[in-house]
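Peer 1: sharing a model prediction with you, sequence too.
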Amino acid sequence: MVDSKGFGMDRTTAENARGSESDVVRLAVRAVREGHREAFGSLVNRYRKRIFGLSLIIVRDPSGAEEVTQDAFVSAYIHMDRYDMDRPFYPWLVAIAVRHAQTWLRRRLRVTGREGAAPDPGPDIAATESDPLQALIADERGRDLWRLVMELPRGQRTAVILYYMQELKVETIARAMGITGGTVKTLLFRARRSLRQKLDSDTHTLLTGLGKEAL
Amino acid sequence: MTCRYFRGLIEALPIEEWHPRERRQVNRHTNACSDCQNALLKANALTSGLRQLPEAEPPAGLTERVLARIAQIDESRVSVEASPSPSAGRTFRRAAWCNALGWGAMCGGAAIAFGALLDTFSPGRWSTAGWIRDASVQWNGILKMPDPNTATLMLALGLLLCVAGLFMSFSPESY
């Protein structure tokens, strides 16, 4: 329930609503540990979209995002014995995906540096035709916001997608990213400030339109 | 509390991260202040805009590719377990040496026993048997043993060597 000012349902309630989901995941994890490889397929199917979306936001390259997604799932399978069953599965998977995405970015930076080119922050897929999300976002305001999110520094856009789009708690994001809760809040604050400034400078109507929809 | 305080709060954190007390304060203040109310609406608009962004659809066949890689990993695990490790190689070489020594001891023991038997049945006829007798007499002198039945002693020694060699060549390490 959201009131007129946006004081909505808190995040803990939203996470608790996924209780039955975590039971299913736990059963699948147990089956994988007992050697049933096909049970891992259900985990991949369940989380592939979220992990791919996260990877795409971080690496900003569709083929790189697929590579990162695959690597994250394979690592999770190999190290399944290290997963603590008392904790939720998805943040553990996110932590693996974030590490693989960082490794992928470092590797690409080395390659571009070796080739003599200036290390660029990555292809701006939001500005290209091949961006898989641009086609999905029907309205222009949403596309603008997506482009601005993709222009944020890596840490900020990772925190933004995990907090707003994937609705994880600050503490969970902090664990997944290997930083403190305070740092996550700082990243979110900077991201919001940056987005707001850019939106204000780009077009004033964007926020006005979004505001009307939110009300 | 001033508008500056509330603006800072509104812009700093998403609403969910506010303390319930702060929520109540902001709610009370924005009822009276239109500027802060406008700022709150903008902040909410940004939040809802970010939440409405769709997640990208993963490429087709992603699950199958992941499962194929996992299957490869499982197969390589099995082959690694089946193939001999470096330590297994060392064990194998040691076993081969034991095997060779065992066969050597067995053949040597059989030869000595055979020589002893020849000396028993035709003493002095075979130079080898005579050499064995001379050697055993010399050893008896060194070890201060009473004059034994040399042929029996050599036969026992040969058989002992033969049995020891047999055990060495058939030890479990050989396989």
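Peer 2: Looks like it came in fine.

Peer 1: and residue B:113, what does it touch?
Peer 2: Counting by Cβ atoms under 8 Å, 6 or more residues apart in numbering or on different chains, residue B:113 touches B:154, B:155, B:157, B:158, B:159, B:162. C-beta here means a position set from N, CA and C on the backbone, and glycine is covered the same way.

Peer 1: closest one to residue B:76 out of those residues, please.
Peer 2: Comparing the contacts of residue B:113 against residue B:76 with Cβ to Cβ places residue B:162 closest, at 46.8 Å.

Peer 1: state the helix or strand in which residue B:23 lies.
Peer 2: In this assignment (DSSP states H and E), residue B:23 forms part of helix B:20-32.

Peer 1: does that helix reach chain A?
Peer 2: Yes. Remark: helix B:20-32 sits within contact range of chain A at B:23, B:27, B:30, by Cβ under 8 Å from any Cβ of the partner chain.

Peer 1: among those, which one has the most neighbours?
Peer 2: Sorting the residues of helix B:20-32 next to chain A by how many neighbours each has (other Cβ atoms under 10 Å in any protein chain shown) puts residue B:30 first, at 19 neighbours.

Peer 1: buried set for stretch B:55-62?
Peer 2: B:55, B:56, B:58, B:62 (16 or more other Cβ atoms under 10 Å in any protein chain shown).

Peer 1: the second one: what secondary structure?
Peer 2: For residue B:56, the secondary-structure state derived from DSSP: H, G, I helix; E, B strand; the rest coil is coil.

Peer 1: quick check, it in contact with residue A:54.
Peer 2: No. Contact criterion Cβ atoms under 8 Å: residue B:56 and residue A:54 do not qualify, at 9.5 Å.

Peer 1: identify all contacting residues around stretch A:154-163.
Peer 2: Residues contacting stretch A:154-163 (Cβ under 8 Å, 6+ apart): A:53-54, A:57-58, A:94, A:98, A:105, A:149-150, A:152, A:168, A:170, A:172-173, A:176-177, A:184, A:187-188, A:190-191, A:194, B:14, B:50.

Peer 1: sitting in helices, which of the residues you listed do you find?
Peer 2: Among the contacts of stretch A:154-163, the ones falling in helices (DSSP state H) are A:53-54, A:57-58, A:94, A:98, A:105, A:149-150, A:170, A:172-173, A:176-177, A:184, A:187-188, A:190-191, A:194, B:50.

Peer 1: against residue A:28, how distant is residue A:88?
Peer 2: According to Cβ to Cβ, to the nearest Å, residue A:88 and residue A:28 sit 13 Å apart.

Peer 1: not counting sequence-adjacent ones, nearest residue to residue A:187?
Peer 2: residue A:159 (4.1 Å; Cβ to Cβ, 6 or more residues apart in numbering or on different chains).

Peer 1: tell me, how many residues neighbour that neighbour?
Peer 2: For residue A:159, the neighbour count with other Cβ under 10 Å is 27.

Peer 1: sec struct for it, please.
Peer 2: Classified using three-state DSSP, residue A:159 is helix.

Peer 1: circling back: chain center to the helix holding residue B:23, what's the gap?
Peer 2: 63 Å (Cα atoms, centre = their mean, to the nearest Å).

Peer 1: test my guess that residue A:40 contacts residue B:67.
Peer 2: Yes. Assessed by Cβ under 8 Å, residue A:40 is found in contact with residue B:67 at 7.2 Å.

Peer 1: neighbour count for the two, which is higher?
Peer 2: residue A:40 (22 against 18).

Peer 1: may I see the buried residues of the helix or strand that one falls within?
Peer 2: Residue A:40 belongs to helix A:38-59 when assigned by DSSP H and E. Buried residues in helix A:38-59, counted by 16+ other Cβ under 10 Å: A:39-44, A:46-48, A:50-59.

Peer 1: sounds good, over and out.
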